[in-house]
Each structure stands twice: as C-alpha cells, then as structure tokens.
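> mind folding the following:
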Amino acid sequence: MRSSILNRSTKPFSNLKISLLLIPLLLLGFQQKTKAETYYLVEIAEKNVQIAVNGLALGWWPLNFTDLVVHLNKDGSYPMDYVERVWTSGYYTFVFPYKGRAGTNTIHTTAWVGGLTPYGPYFRFNFTAPMLGRPISETATTDQINQITLLWERSSDYADGDLEYEIKEGNTSIDIVDGTIKSYTITGLGHDESHTYTITTKLKGSDRVSHPTTITGKTFGFDLTATVDKKDIVELTWKKPPDLSTEYKISRDGTNLEQVGSSLDSYLDDRTMIPGVYMKYTIEAVADASQKDNAYGRARPDGKISGSVTTPYGDPIGGVTIKIVRTDLPGDTVQKVYYATTAHDDGSYFNETIYYGADGAEFIVTPQFENHMFDPDTLTKTLSPNSPDQSGVNFKDTTALSVRGRIINKGCPAEGISVLVNGIDRGYITDADGYYAAVVSQPGLHAITPKLDGHGFIPEKYEESIVDN
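Numbers count the residues shown, from 1 in each chain. Reported below is the predicted structural model:
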C-alpha cells in the first residue's frame, strides 16, 4: 500500500481540527526545529485513513537524517510506523495509517535516532477525523409522470467538492454524480410504478464509501377506484396528475362511456347494469395513452327473499336463523353463494342483497334454531333480473308452542301489560282486549309472569308444564 502526500501548497480538508503541543528538547547535541503545520487526512486505502503529519519539523545535527525513526501511537495503545516520509525544505513529512473512526482522537508521536532509547522529542496532539456520512433527509417523488426524482442532503464533514454520490437500483449502478448535486431524476419509467433506490456517499480519489441510504419512489398513478355497494350506480374516483392538463376517456368493459374534463376527479355511472355483476372500468388520458388505470366495480346486488316464522297457531317466533344458499357456483367466483339472516321478534325476516347474476339463480332457503323442526323444512326460490324479489317464504316452527291468555283489572281488559316467559321479556304485550300470545321454545316447565311497574297481579305468575299449544 502506497500513500499520497499532500503538496504543502495544496489546501487540505478544512474540517480537520488539530491542536499541537511541542515539547522543546536537546538530545545528543542535535537541535529540534519546529514548523507550524497542520495534520491532514490525505487518503483512504483498505479502510486505513492516512494522516499526513506535516508539523514534526525535526532536524538533527550532525547525525545522518536517514537514521531518524518516527512512531505514532493512538492514545498510547498501539504503534503505527509511517508508510512514507519526505524531506522538504528542512523538515520531514511523515504519512501514518490511521484505523480509528470519525471523531476526536488523541495521537502520540515519538522520534528517536537509530537504536537509541526513545527519549527524543515527544509530541502529543488531538485531531478530529472527518466523518463520511450517508445521505440524509432523503425524499422521493410519488406523483411525476413516468419519472421519479430523488432528493437528499449531505451529512459528511467533507466539503461538497470532495464527494460524489452513487445511485443504484438493486445491484445495478444508475449513475455517479458530483457532491455538489443533491437531486437526481430517473426517467423512462412506466405508469404507476414503484422503485427502490440506494444512494451512497463516496470520497473522491479513494475507495472509501458510506453506508447506503434506501429510498422508495413511485411514478404517478390514477389510483382509480370503483364502488361495489351503491344501489343501481357505480361511482368512479381518481387522482388528478399535477402536470397533465388533458381530458379523460371513461370506458366500461371496453365500451366508451364518456369523455370528461381534466378538472374532474370522479364520475357517476348510472347506465343500465345488472346489479351485482362486476364490470371493468378504465380511465385514460387523451393526451397520453400510457397514462391509464383500471378498476372493477358493480351496483349492489338487489335480490330479495323475505317471509316469516310462526308457531302452527300463527304466533310470531323471533331468533330463528334463515340460511339462503345458491344451488350452483356462479361463473364470477368472487360473488357470494351463501347468505344468512335472523327472524325479528315479530317473526319477519328478509335479505335484500342477494346476487343472482345475468342469467338468474336458484336458492335453497332453510330455517334453523337449535333442534327445532319446521314446516316446510326448506323452500327453493329463483331470482333473476326480471324477478329479483321473492316474498312470502314462510315457515312454521312445529317444535315451539303457543301460550295465550288474558289479563283483566276489576273485570276490564288490561292493555299494555308485559308478559315474561321464564323471566325474559321477549316483547309480548297484552292488546286492547287484554289478550296476549306468547311462545315457548319447546315443551317443558315454563313460567308466565305479567309485569307492570307499580302493579301487583293475582296470581303473581303461572308456572306449569306446557306440552301442547
């Protein structure tokens, strides 16, 4: 390894801070001469920082100068022999390898002649090794047409003119730019593309490099979206490009719908469509066909199946699960084939978002509640674009039992009295004639209790084994 020594007339890196303590000493009748010089970083090779010690300024008489040996010790720990020395105008320049990190370090030097004990001139100085830092404050654009611009700032102690930056994508080097440049634009990219780059700081004239900075950018994309849950319409929204003034073409499944102005960023498609069927929407810039995006949207499915669940006596039963299953698999496999709903307290149920497709579909409707039996146990119904609504799909719970009675007050009907079954208020209330109809889920011992705040009843409740309606 050979080091380069700075010319004394050349300005070194200005950010290297040095303080020098010289201790005058006479040794063996020869004289020490000093010269006020600085200590410079001059080279990096194999990760060894070279420090040119330009300030020893030693002269010995009458001894031969070739006998002079100089050692450098970092914090008094390990010796570092110089790798080059030059005699110039009455003093030596020594170049030492420095293996320390950036930051403040203490360096000791000792000089002696030949094999004499090193009692010679002793020098101690501090210096701050400049830092070669990675690029910082990095950003990358996300909205430029077919290109990405990278921006960064310097964090190194070196001046801009001493540096350069290498831009890579993966392991491929894209370019190396001068340290005075803090931005770079990659062109020729496609629409809505994402790319990750690294930027590395390099010290000119050496193989010293910083750790890389990683940054991800994106070219402009419309980011088109289409709704899937609105009745009879599909709403499109997109992002307007910042530097492209043009109209847009809107198409659906390859058929042009409309050409809209550049000031718009949304469009409402209310043309005839089959609810639930997905359609491919495309937006394309008229001025640049490469700027386009696709999205799939649909109107909300509108198939409806409704009905009721009651006891054989017609009293409503709530809490029963109604399962609706399509008998065939639709060609569009993203669509649902299974639906479920629950009967309300009045026994009614409905589902109005069933997908039946362009050709219609058949569905099996099944009530389920614990181990109860129903009549009928299933029903099959067909929904289509021409017949999207099937009502009156009713079931009777043959396991549940009806309990009916009447509450009177001094011979007059008592209206608005709550009737609890087994202590649970399920919404059963007496009518204007004082009659009520309640339901028990299955035969067995049950308690029927009237309730009205501030009132008492005789008896307080009926508790009987109910085995029939």
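> centre-most residue in this protein?
T216 (12.6 Å; C-alpha atoms, centre = their mean).
> surely that one is in contact with A140?
Yes. T216 is within contact range of A140, at 6.2 Å (criterion: C-beta atoms under 8 Å). Bear in mind the C-beta positions are built from the backbone N, C-alpha and C, glycine included.
> where does the stretch 51-200 of the chain dip in pLDDT?
Scanning the stretch 51-200 of the chain for pLDDT under 70 picks out 51-130.
> so which strand or helix has the residue nearest to the centre of the chain?
Secondary structure from DSSP states H and E places T216 in strand 213-218.
> buried residues, that strand. List them.
T213, I215, G217, K218 (16 or more other C-beta atoms under 10 Å).
> paired strands for that strand, with orientation please.
Sheet pairing for strand 213-218, assigned by DSSP bridges, gives strand 194-203 (antiparallel).
> how far does the partner strand sit from the chain's center?
Remark: strand 194-203 is offset 21 Å from the chain centroid, using C-alpha atoms, centre = their mean, to the nearest Å.
> ok, and for it, which residues are buried?
Under 16+ other C-beta under 10 Å, the buried positions of strand 194-203 are H195, Y197, T198, I199, T200, T201, K202, L203.
> do stretch 163-175 as well
Of the residues in stretch 163-175, those buried (16+ other C-beta under 10 Å) are L163, E164, Y165, E166, I167, K168.
> if the last one is in a bridge, with which residues?
With beta bridges defined as DSSP bridges, K168 has these partners: S173, T198.
> residue contacts, it?
Neighbour list for K168: I174, Y197, T198, I199, T200, P212 [criterion: C-beta atoms under 8 Å, 6 or more residues apart in numbering].
> now it: how far from K336?
47 Å (C-beta to C-beta, to the nearest Å).
> what of the first one?
Distance from L163 to K336, counting by C-beta to C-beta: 60 Å.
> can you redo the contacts of K168 as CSV with distance to L379?
Formatted as CSV, the contacts of K168 follow (distance: C-beta to C-beta, whole Å):
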residue, distance to L379
I174, 67
Y197, 63
T198, 65
I199, 68
T200, 71
P212, 67
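> between the residues you listed, which is nearest T149?
Nearest to T149 among the contacts of K168 is Y197, at 10.9 Å by C-beta to C-beta.
> that closest one reaches L151, doesn't it?
No. Judged on C-beta under 8 Å, Y197 makes no contact with L151 at a distance of 11.7 Å.
> name the residues contacting each of the two.
In contact with both Y197 and L151: A140, using C-beta under 8 Å, 6+ apart.
> residue contacts, D377?
Going by C-beta under 8 Å, 6+ apart, the list of residues near D377 reads T366, P367.
> tally of neighbours for V337?
16 (other C-beta atoms under 10 Å).
> pLDDT score for the closest residue to it other than its chain neighbours?
Closest residue in space to V337, ignoring its immediate chain neighbours: R326 at 4.2 Å, by C-beta to C-beta, 6 or more residues apart in numbering. Turning to R326, the model gives it a pLDDT of 92.
> one more: Y40?
Reported pLDDT for Y40: 31.
> still on that earlier bit, would you format the buried residues of strand 213-218 as JSON lines with distance to T237 included?
Listed next are those as JSON lines, based on distance: C-beta to C-beta, whole Å:
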{"residue": "T213", "distance to T237": "35"}
{"residue": "I215", "distance to T237": "29"}
{"residue": "G217", "distance to T237": "24"}
{"residue": "K218", "distance to T237": "19"}
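> out of those residues, which is nearest to A343?
Using C-beta to C-beta, the buried residues of strand 213-218 come closest to A343 at K218, 50.6 Å.
> any idea how far the closest one is from D192?
7 Å.
> may I have the beta-bridge partners of I305?
Residues in beta-bridge contact with I305 (DSSP bridges): N351, Q390.
> how about G261, nearest residue that isn't a chain neighbour?
Nearest to G261 is E247, by C-beta to C-beta, 6+ apart, at 5.8 Å.
> residues contacting the one you found?
Q259, V260, G261, S262, A285, V286, A287.
> most neighbours among these, which one?
A285 (21 neighbours).
> my guess is that one contacts I250, does it?
No. At 11.5 Å, A285 does not count as touching I250 under the criterion of C-beta under 8 Å.
> count of residues packed around R208?
18.
> now Y338
9.
> and it, what's its pLDDT?
pLDDT, Y338: 91.
> could you name the specific helix or strand carrying the residue lying closest to it once chain neighbours are set aside?
In space, and not counting its chain neighbours, Y338 is closest to V325: 5.4 Å by C-beta to C-beta, 6+ apart. Assigned by DSSP H and E, V325 belongs to strand 321-326.
> and the gap between A295 and V234?
The value you get for A295 to V234, if C-beta to C-beta is used, is 10 Å.
> overlap in contacts, these two.
Joint contacts of A295 and V234 (C-beta under 8 Å, 6+ apart) are A226, Y281.
> compare those two (neighbour count), which wins?
V234 (25 against 19).
> these two touch, right, the more buried one and S266?
No. Assessed by C-beta under 8 Å, V234 is found out of contact with S266, at 11.3 Å.
> sorry, back to before: can you put the buried residues of stretch 163-175 in a markdown table and add distance to I448?
Converted to a markdown table, those look like this (distance: C-beta to C-beta, whole Å):
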| residue | distance to I448 |
| --- | --- |
| L163 | 91 |
| E164 | 92 |
| Y165 | 86 |
| E166 | 86 |
| I167 | 83 |
| K168 | 82 |
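> now, among these, which is nearest to G360?
The closest of the buried residues of stretch 163-175, once distances to G360 are taken by C-beta to C-beta, is K168, at 57.8 Å.
> can you tell me how far the closest one is from R208?
For K168 relative to R208 (C-beta to C-beta), the value is 17 Å.
> could you look up the SS state of the residue lying closest to P385 once chain neighbours are set aside?
Excluding its sequence neighbours, the residue lying closest to P385 (C-beta to C-beta, 6+ apart) is I274, at 5.8 Å. Counting by DSSP: H, G, I helix; E, B strand; the rest coil, the backbone at I274 sits in coil.
> number of residues surrounding I274?
Neighbours around I274, by other C-beta under 10 Å: 18.
> excluding chain neighbours, what is closest to D265?
K240 (5.1 Å).
> helix/strand/coil for that neighbour?
Relying on three-state DSSP, one would call K240 coil.
> what's the separation between K240 and I283?
Taking C-beta to C-beta, one finds K240 at 11 Å from I283.
> one more: L268?
Where I283 is concerned, L268 sits at a distance of 14 Å (C-beta to C-beta).
> joint contacts of these two?
L236.
> neighbour-wise, which of the two wins?
Neighbours around L268 and I283, counted as other C-beta under 10 Å, are more numerous at I283. The numbers are 20 against 11.
> what's next to the helix or strand where that one lies, contact-wise?
Counting by DSSP H and E, the element that carries I283 is strand 279-285. Under the criterion C-beta under 8 Å, 6+ apart, residues 222, 224, 226, 234, 236, 238, 241, 244, 246-254, 269, 273, 291-298 lie in contact with strand 279-285.
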